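# Please work out how this folds:
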Amino acid sequence: MFNTTEVYVVAHSLVPGGRHYEKGGLKELFAEAFLKVLDQVGNTNLGAIYVANAFSEVLQDQSVLGAYLADYVGLRRIPAIRIESGDGSSGIAVLEAYNMVKAGIYDCVAVVGVEKMHDVVNVKLNKALSTITDYEYEGFFGVTPAAQAAMAMKEYMIKYGYDYEDLAIWPIKMHERGSKNPLAYMKKQASLKDVLESEVVADPLRLYDVAPAVDGSAAVILCNKPIKSDAVIRIDGIGVGAYGTYLGQRDSLTELYSVRDATNMALRMAHVSISDINLAEVHDTYSILGMLALESMGLVRPGETPRLLSTGALDAGNKLVVNAGGGLKSMGFPGGGASGMYELALMVMELMNAKPFESLGRAELGIVQDMAGFDLVSTSIILRRVS
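Next comes the predicted model:
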């Protein structure tokens, strides 16, 4: 018989991104997010902990991370499984946790994303980020994730007839949203002049197109039944897609096939169409990736994102609102471990109309998109507010 167990997000927490030198390391960041969600649910029957983390071997010289983190919070008898999938680690961790609850193996599981990016010098941090590429063919020869994003941006501009000034609308809009979000790392607005005068990272990509690296953590608890009667959030669909090949083999850099496939899978599971979605949180480590994600998901027609952003069509008050909290561009990029968890925690808050998202109104359906590397592996998660 098909298992009809439903999966609910019953608790969430988020440690705002920053340079958390005052915290001893991954353990303290993990504990802060995890203990917050544990306090929200009380003595729940927690079966396992899934830890999303991408870079602990490189940045902290630590493997078997889950066991050490669980031991730190006094839960050494609960299985703690570390999930690594580059900067898409969060989405895969949620997928695995969801499957365990859906299958009836556990009543409740926790998912915690954590990454500490600022315990090392920039050379070591950049080395860690380069592992997201196909290192044998790309990273070894100096190809970075920023360079990949720059090539995609250049192709997008040529394909759809845009100048860089047109694409600068993404960081401008994300900074505008972040200025109203007390949880954001970047709380200042940005003008077109600010964007254009920022340094070139990889032509045409500029500094304002890049989500700043931060230390951060976020957590959720998934259960097979809600623990309260108001603002109940349920996972209605979850999908995963892949297009694992290095850029030299790509036919196009403006279509994210893994994102498309993950989204279609999630939509089929949720029995909804993309036009039903009210809120979206997309993985914008680089501004062009946010634009390509929206278009590959089918939320926006190809080539239309800059125009819609510039007219305010994706702002609060419209049928579709994108990155209401400012995206990773304003929240910061807490590595692969916590970036997708930031998106998920924000989406839960948006659907619940929690501060600072009261102005969004009573939205019913939201989608969270997370991605590893340049279109290597992606997840899409559809959340529904059911009460």
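
# residue ranges with poor pLDDT in the chain?
Residue ranges of the chain with pLDDT under 70: 1-4.

# which one's the longest strand in it?
With secondary structure taken from DSSP state E, the chain has its longest strand at strand 7-18.

# Moving along the chain from that one, name the first helix or strand you hit.
Note on strand 7-18: by DSSP states H and E, the next helix or strand toward the C-terminus is helix 26-41.

# Could you look up the next helix or strand downstream of that following helix?
strand 46-52.

# what angle separates that following strand from helix 26-41?
Strand 46-52 and helix 26-41 are oriented at 140 degrees to each other (axes from the mean of the first three to the mean of the last three CA atoms, to 10 degrees).

# Sketch out the helices for the stretch 51-200 of the chain, chain order is fine.
Using DSSP state H, counting those that start in this stretch, the helices of the stretch 51-200 of the chain run over 56-59, 65-72, 89-102, 122-130, 145-160, 164-167, 169-178, 192-197.

# Please disregard the earlier target; I meant the stretch 251-387 of the chain.
In the stretch 251-387 of the chain, the helices defined using DSSP H, counting those that start in this stretch lie at 257-270, 287-297, 305-310, 327-331, 335-352.

# end to end, how far does stretch 249-266 reach?
Using CA to CA, to the nearest Å, the end-to-end distance of stretch 249-266 comes out at 27 Å.

# Can you add distance to Asn224 and mean neighbour count and give the helices of the stretch 51-200 of the chain back as JSON lines?
C-beta coordinates here come from the backbone N, C-alpha and C atoms, glycine included. Below are these laid out as JSON lines (distance: least, CB to CB, whole Å; neighbours: other CB atoms under 10 Å):
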{"stretch": "helix 56-59", "distance to Asn224": "30", "mean neighbour count": "19"}
{"stretch": "helix 65-72", "distance to Asn224": "22", "mean neighbour count": "20"}
{"stretch": "helix 89-102", "distance to Asn224": "5", "mean neighbour count": "24"}
{"stretch": "helix 122-130", "distance to Asn224": "36", "mean neighbour count": "15"}
{"stretch": "helix 145-160", "distance to Asn224": "37", "mean neighbour count": "19"}
{"stretch": "helix 164-167", "distance to Asn224": "44", "mean neighbour count": "16"}
{"stretch": "helix 169-178", "distance to Asn224": "34", "mean neighbour count": "24"}
{"stretch": "helix 192-197", "distance to Asn224": "46", "mean neighbour count": "14"}
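
# To Pro302, which of these lies closest?
If you check each of the helices of the stretch 51-200 of the chain against Pro302 by CB to CB, helix 145-160 wins as the nearest, at 7.7 Å.

# can you list contacts of the closest one?
Residues lying outside helix 145-160 but in contact with it, judged by CB atoms under 8 Å, 6 or more residues apart in numbering, are 87, 129-130, 132-133, 138, 162-164, 166-167, 201-205, 209-210, 247, 252-254, 285-289, 291-292, 302-303, 373-374.

# so what's the most centrally placed residue in the chain up against?
Centroid-nearest residue in the chain: Gly340, 2.4 Å away (criterion: CA atoms, centre = their mean). The contact partners of Gly340, taken as CB under 8 Å, 6+ apart, are 52, 88-91, 94, 113, 283, 368, 370, 379.

# again, only this time at 7 Å
Neighbouring residues of Gly340 by CB atoms under 7 Å, 6 or more residues apart in numbering: 88, 90-91, 113, 370.

# Just name the closest of the residues you listed to Ser63, please.
Gly113 (17.4 Å).

# How many residues are close by the closest one?
Close neighbours of Gly113, defined as other CB atoms under 10 Å, add up to 37.

# Count the residues that sit near the closest residue in space to it that isn't next to it in sequence.
Once flanking residues are discounted, Gly113 sits nearest to Met341: 3.2 Å by CB to CB, 6 or more residues apart in numbering. The local packing of Met341 (other CB under 10 Å) involves 32 other residues.

# any idea how far Met341 is from Ala146?
23 Å (CB to CB, to the nearest Å).

# swap in Ser273?
Taken as CB to CB, the span from Ser273 to Ala146 is 35 Å.

# residues in contact with Asp163?
Counted by CB under 7 Å, 6+ apart, Asp163 has contacts Met157.

# and it, what are its phi and psi?
Reported as degrees, to the nearest 10, the phi and psi values for Asp163 are phi -90, psi 170.

# Offset the numbering so it begins at 730, please.
In the new numbering, first residue 730, that becomes Asp892.

# since we're on Gly1095, how many residues are nearby?
Gly1095 has 26 neighbouring residues, counting by other CB under 10 Å.

# With adjacent residues omitted, what lies nearest to it?
Using CB to CB, 6+ apart and skipping the chain neighbours, the partner closest in space to Gly1095 is Leu1008 (3.7 Å).

# you'd agree the one you found is up against Gln1098?
No. With contacts counted by CB atoms under 7 Å, Leu1008 stays clear of Gln1098, the gap being 11.7 Å.

# okay, the two: which has more neighbours?
Gln1098 (30 against 24).

# For the more buried one, give me its contacts.
988, 1011-1012, 1022, 1026, 1107, 1109.

# What of Glu867?
The neighbourhood of Glu867, defined by CB under 7 Å, 6+ apart, consists of 975-976.

# Try it again at 6 Å.
Neighbouring residues of Glu867 by CB atoms under 6 Å, 6 or more residues apart in numbering: Tyr975.

# ok, now the one 5 residues further on?
Under the criterion of CB under 6 Å, 6+ apart, the neighbours of Val872 are Thr862.

# State the distance from it to Asp990.
According to CB to CB, Val872 stands 25 Å off from Asp990.

# Mind putting the contacts of Gln1098 into TSV with neighbour count?
Formatted as TSV, these follow (neighbours: other CB atoms under 10 Å):
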residue	neighbour count
Val988	29
Val1011	25
His1012	30
Ala1022	28
Met1026	24
Ser1107	31
Ser1109	31
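
# In CSV, list those residues along with distance to Val849.
Shown next, in CSV, are the contacts of Gln1098 (distance: CB to CB, whole Å):
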residue, distance to Val849
Val988, 30
Val1011, 28
His1012, 23
Ala1022, 29
Met1026, 34
Ser1107, 28
Ser1109, 32
